[in-house]
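Engineer: got a predicted model here, sequence first, then my questions.
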Amino acid sequence: MSDPGATVPGMNRTDRLYALVEELRAACPRPRSARWLADRFEVSARTVERDIGALQQAGVPIYAEPGRTGGYVLDKTRTLPPVNVSPAEAVAIAVALEGLHGTPFADAARSALRKVVAVMPAADAGAAREMAGRVVLLGDPSAPRVPTAVARALSAHRVLRFGYRDRHGAATIRLIEPLGYIGGRDHWYLLGWCRLRQSTRCFRLDRIVDPVATDEVVKPRPVDFAALQIPHQLRAPALV
């Protein structure tokens, strides 16, 4: 069996970050101290701590166990093992995810792509970046960003308060119970039970102003998308 923690003097930072993750994966559930890792990779303990901090900020689930025998531990249940994604496949994923700009899932998509690239061998990741640099996309880069409060209210089942301007420019203040999203070619909409209108309504995301996720938690209402009589074919995203 190969030693996932093996290294050589002068390893660059990208390779070292990858090797750190694999070392912690192999050691799990045993912790590795910063000093142990520093000796392993022939760097200072402070460098290891900076590297671990960078990995944590990138979403790698590494946590510290306190105590004399403590150290850093990787949550294997929440990480991908090494995957055989080719440079072309990584670029294909990146191009596909560009289509999520202006949707509620743009930030999550970027985070997912970073995790995929992080587990690629350094040479393949470099080749993917070089290939991506040869791709130019035409389109409108100024698609409205979905406010964090909207996404948080939906996922946490919280009542959302916001200002809204309809197609005629009339402004109202709404309290809604978020139900879901409807995505179209040109716009995305938030579906919710509107307390002002006492009915299910669709709100165009770029017309929502100053949204605030309140502290009020509500039980999700059932929603029948077919009953909304939207004049387009509806389909849910596939997860397989």
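Structural biologist: Looks like it came in fine.

Engineer: part of a strand, is I173?
Structural biologist: Yes - with DSSP: H, G, I helix; E, B strand; the rest coil as the criterion, I173 is part of a strand.

Engineer: need the contact list for it.
Structural biologist: 161-164, 196 (Cβ atoms under 8 Å, 6 or more residues apart in numbering). Yep, even glycine has a C-beta here, placed from its N, CA and C like the rest.

Engineer: kindly recompute the last result at 6 Å.
Structural biologist: G163 (Cβ atoms under 6 Å, 6 or more residues apart in numbering).

Engineer: write down the beta-bridge partners of it, one by one.
Structural biologist: G163 (DSSP bridges).

Engineer: please renumber the chain so that the first residue is 137 from this point on.
Structural biologist: With the count now opening at 137, the last piece we talked about shows up as I309.

Engineer: separation between it and S335?
Structural biologist: Distance from I309 to S335, counting by Cβ to Cβ, to the nearest Å: 17 Å.

Engineer: one more: D302?
Structural biologist: Taking Cβ to Cβ, one finds D302 at 15 Å from S335.

Engineer: in this protein, which spans are helices?
Structural biologist: Taking DSSP state H, the helices of the chain run over residues 149-163, 170-177, 181-193, 223-234, 242-254, 258-268, 284-292.

Engineer: got the buried residues for the longest one?
Structural biologist: The reference is to helix 149-163. By neighbour count with 16 or more other Cβ atoms under 10 Å, helix 149-163 contains the buried residues 151-163.

Engineer: between those residues, which is nearest R176?
Structural biologist: Nearest to R176 among the buried residues of helix 149-163: E159, at 6.8 Å, using Cβ to Cβ.

Engineer: tell me which of the buried residues of helix 149-163 has the lowest pLDDT.
Structural biologist: For the buried residues of helix 149-163, the weakest pLDDT value sits at D151, with 80.

Engineer: distance of the residue nearest to that one when sequence neighbours are not counted relative to W329?
Structural biologist: Using Cβ to Cβ, 6 or more residues apart in numbering and skipping residues adjacent in sequence, the residue nearest D151 is A258, 5.0 Å away. From A258 across to W329, the span is 50 Å (Cβ to Cβ).

Engineer: these two - which one has more neighbours?
Structural biologist: W329 (19 against 15; other Cβ atoms under 10 Å).

Engineer: and the nearest residue to the more buried one once chain neighbours are set aside, how far from A155?
Structural biologist: Nearest non-adjacent residue to W329, counting by Cβ to Cβ, 6+ apart: E313, 4.2 Å away. As judged by Cβ to Cβ, E313 and A155 stand 47 Å apart.

Engineer: residues contacting V286?
Structural biologist: Per Cβ under 6 Å, 6+ apart, neighbours of V286: P347.

Engineer: what do you get if the cut-off is 10 Å, keeping everything else the same?
Structural biologist: 240, 296, 298, 314, 317, 326, 328, 339, 341, 344, 347-349 (Cβ atoms under 10 Å, 6 or more residues apart in numbering).

Engineer: same deal with L326?
Structural biologist: Counting by Cβ under 10 Å, 6+ apart, L326 has contacts 240, 282, 286-287, 289-290, 296, 298, 300, 312, 314-318, 337-341, 343-344, 347.
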